[in-house]
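>>> sequence unknown, structure follows:
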């Protein structure tokens, strides 16, 4: 069990946006992630990986979605959500009309509440969030539940080596559940120092300005939206990018095929993120 807030070194807690996952784990009183998440958030390593001191006006910010893009959890998250609802309300929840693809966790929660006639969803949100995170942790303790998608680790490695590329996540997950998924898939969350989480905004497009503001706070470089690349697997990831004039790289490793993602307006749509050299060249504009 994570200890109280003052148990963490001050430099660790607020230096990078990615630290929000640790703050949320602490606030919710949840067990630490497998592999020692606290140790993974090494601030000096994050700064070195993000090349903060070397960023220039030519920099690019690459924002990854998680589920269906970097990793799969074989519906562990959805199962954990429904089990949390059952635990809190003592009955199975209907969910036929609640969209999960490309959605934000708090919005999914409100959709479930509307579909199941739950009054005052805001009052029940924190208990749901805690129960969901705890159940997800149990499911992700089974290594068979999580799959890192092909080519993703190699792409992250290659982008880290680019002097003017900074990495981040833009995801509908809560910070604490997103961090758990990354660790379960073998990703160090500290590799993504700019983070915009599902609990940060009311809808997905609103997350991109938050990511830009956090990047500016940590790097000192103000990037226009057209220097951002959003990588995701749904039309809503594409919409998020298009809303602000960012570029979108859509990958058909989720529930949508390449043609659907092209019709949604993606700048580039691929079957998998496994052609590392081509994708890096496209992202950096070579």
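Thanks, I have the structure now. Computed from a predicted structure; not experimentally measured.
>>> how close does residue 184 sit to residue 145?
Noted for residue 184: a distance of 7 Å to residue 145, by Cβ to Cβ, to the nearest Å. Heads up, the C-betas are built off the backbone N, CA and C, glycines and all.
>>> for residue 180, same thing?
Taking Cβ to Cβ as the measure, residue 180 and residue 145 are separated by 11 Å.
>>> so for those two, which residue has more residues nearby?
Neighbour comparison, residue 180 and residue 145: the larger count goes to residue 180, with 31 against 19 (by other Cβ atoms under 10 Å).
>>> which SSE is that one in?
Under the criterion DSSP states H and E, the helix or strand holding residue 180 is helix 175-184.
>>> tell me what that helix is packed against?
Using 3 or more Cβ pairs under 8 Å, 6 or more residues apart in numbering; DSSP states H and E as the contact definition, the elements that helix 175-184 packs against are helix 20-28, helix 37-40, strand 71-72, helix 121-140.
>>> same thing but 10 Å
Counting contacts by 3 or more Cβ pairs under 10 Å, 6 or more residues apart in numbering; DSSP states H and E, helix 175-184 is packed against helix 20-28, helix 37-40, strand 71-72, helix 76-89, helix 121-140, strand 147-148, strand 165-170, strand 194-196.
>>> now the common contact residues for residue 180 and residue 145.
In the contact map built from Cβ atoms under 10 Å, 6 or more residues apart in numbering, the residues linked to both residue 180 and residue 145 are 73, 76, 77, 136, 139.
>>> where's the second one relative to residue 176, distance?
The reference is to residue 76. As it turns out, when the distance is counted by Cβ to Cβ, residue 76 lies 15 Å from residue 176.
>>> more neighbours: which of those two?
Ranked by neighbour count (other Cβ under 10 Å), residue 76 and residue 176 place residue 176 first, with 28 against 23.
>>> so the more buried one sits right up against residue 198, yeah?
No. At 11.0 Å, residue 176 and residue 198 do not qualify as touching, with contact defined as Cβ atoms under 10 Å.
>>> output the below-cut-off pLDDT ranges for the stretch 1-150 of the chain.
Regions of the stretch 1-150 of the chain meeting the criterion pLDDT under 70 cover residues 1-58.
>>> one step back: give the rounded mean pLDDT of the helix holding residue 180.
In this model, helix 175-184 carries a mean pLDDT of 98.
>>> next: stretch 209-216.
Averaging pLDDT along stretch 209-216 yields 98.
>>> in it, which residues are buried?
Of all the residues in stretch 209-216, those buried under the rule 16 or more other Cβ atoms under 10 Å are 210, 211, 212, 214, 215.
>>> so which of these sit within helices?
Counting by DSSP state H, the members of these that fall within helices are 210, 211, 212, 214, 215.
>>> now those residues in CSV, with distance to residue 241?
Below are those laid out as CSV (distance: Cβ to Cβ, whole Å):
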residue, distance to residue 241
210, 14
211, 11
212, 12
214, 17
215, 15
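>>> I am finished for the moment; much appreciated.
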